[in-house]
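In: Need coordinates for the following:
(2 chains)
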Amino acid sequence: MDRNPVVTRKVTVNLKDGLHLHPISQIVQVARQYACEIRICKDDRSADARSPLDMLTLGVEFGSVLRLEASGDQAADAVAALESLFQNNFLPAQS
Amino acid sequence: MKLTDFVIPEAIITDLHVTSKEEAIRSLVRSLGTCGSIQLSDQEGIVAAILKREELGSTGIGKGVAVPHTKHPSVDRLVATVALCKDGVDFASLDGEDVFILFLLVSPPDRPGDHLRALESISRHLRNDRFCNFLKQAVTVKSVVDLLEEADNNQLV
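Out: Got it, this is the predicted structure:
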């Protein structure tokens, strides 16, 4: 049995300016809380969720559909935390 | 989008000597003002906007690179400059490392796509170690411009 299954989730980018550096920094902060490997995928390209430089190269615009992929310890938690960022449109959850 | 589409050669600084993030940002904005890419009267407003953006989180994106930026209504097209800081400057970067290469961007508020594409272009080239290393070693404006052109033409792969 695979002890490190890949957890994936699709999210839509609803930021009108696209995935610019501020939301990317928020992704990095969340990703760095987990030990598992996390990648953000757009079409056939993917980026390390801990690397802002990597993610900027995806050039993610408003309306893009991304795939979150994680494998390793707490992969499901990591994907859920990142999905929550997108669902809250990168605003604090309580606002 | 090509680097040479938006980097203003006359505003490039190859020997930035600063001791703080704010001083670095002021120097780059002043350089854009001196060459006429932004109005001198708008400089202070642009510096303030960039510093406010930095409060949201550092634009020091790692690998010794920072991309301070803002949208500002005083420009009708994306303008940017490059500065090389050989001694490094503390930018409160995400990876905790000092910054040696700065790309400062000012873009019109109604063109978010251009801003995103410029950042995409900058980061794509900065992932290339050859580009990064050559840029850090550049000592003249011409050598920086040549390097940007070579990167645009994919001659550094």
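In: For chain A, which segments count as strands?
Out: A:7-12, A:37-42, A:45-48, A:65-71 (DSSP state E).
In: hang on, isn't B:Ser37 packed against B:Arg77?
Out: No - with contact defined as C-beta atoms under 8 Å, B:Ser37 does not reach B:Arg77; the gap is 9.3 Å. Where C-beta positions appear, they are placed from N, C-alpha and C, glycine not excepted.
In: Give me the more crowded residue out of the two.
Out: Neighbour count, other C-beta atoms under 10 Å in any protein chain shown: between B:Ser37 and B:Arg77, B:Ser37 has more, with 18 against 12.
In: which ones are touching the more buried one?
Out: B:8, B:10-11, B:75, B:79, B:81 (C-beta atoms under 8 Å, 6 or more residues apart in numbering or on different chains).
In: Spatially, what comes nearest to B:Pro112 if we skip its sequence neighbours?
Out: Leaving aside its sequence neighbours, B:Pro112 sits nearest to A:Asp17 (C-beta to C-beta, 6 or more residues apart in numbering or on different chains; 4.0 Å).
In: next one: B:Pro9
Out: Per C-beta to C-beta, 6+ apart, closest to B:Pro9 is B:Val145, 5.0 Å.
In: quick one, what contacts residue 48?
Out: All of this is about chain A. Per C-beta under 8 Å, 6+ apart, neighbours of A:Asp48: A:38-39, A:54-55.
In: Next, find the distance separating the residue lying closest to A:Ile38 once chain neighbours are set aside from B:Gln155.
Out: Closest residue to A:Ile38 apart from its sequence neighbours, by C-beta to C-beta, 6+ apart: A:Ala49 at 4.0 Å. Between A:Ala49 and B:Gln155 the computed distance is 31 Å (C-beta to C-beta, to the nearest Å).
In: more crowded one of those two?
Out: For A:Ala49 versus B:Gln155, neighbours defined as other C-beta under 10 Å are more numerous around A:Ala49 (26 against 11).
In: tell me the pLDDT at the more buried one?
Out: The model reports A:Ala49 with a pLDDT of 96.
In: so where does the residue nearest the centre of chain B fall, helix or strand?
Out: What sits nearest the mean C-alpha location of chain B, by C-alpha atoms, centre = their mean, is B:Phe103, with 1.2 Å. B:Phe103 belongs to strand B:99-107 when assigned by DSSP states H and E.
In: Counting neighbours, what do you get for the closest residue to B:Lys136 other than its chain neighbours?
Out: Distance criterion C-beta to C-beta, 6+ apart; nearest residue to B:Lys136, sequence neighbours excluded, is B:Phe100 at 5.5 Å. Around B:Phe100 there are 21 other residues, counting by other C-beta under 10 Å.
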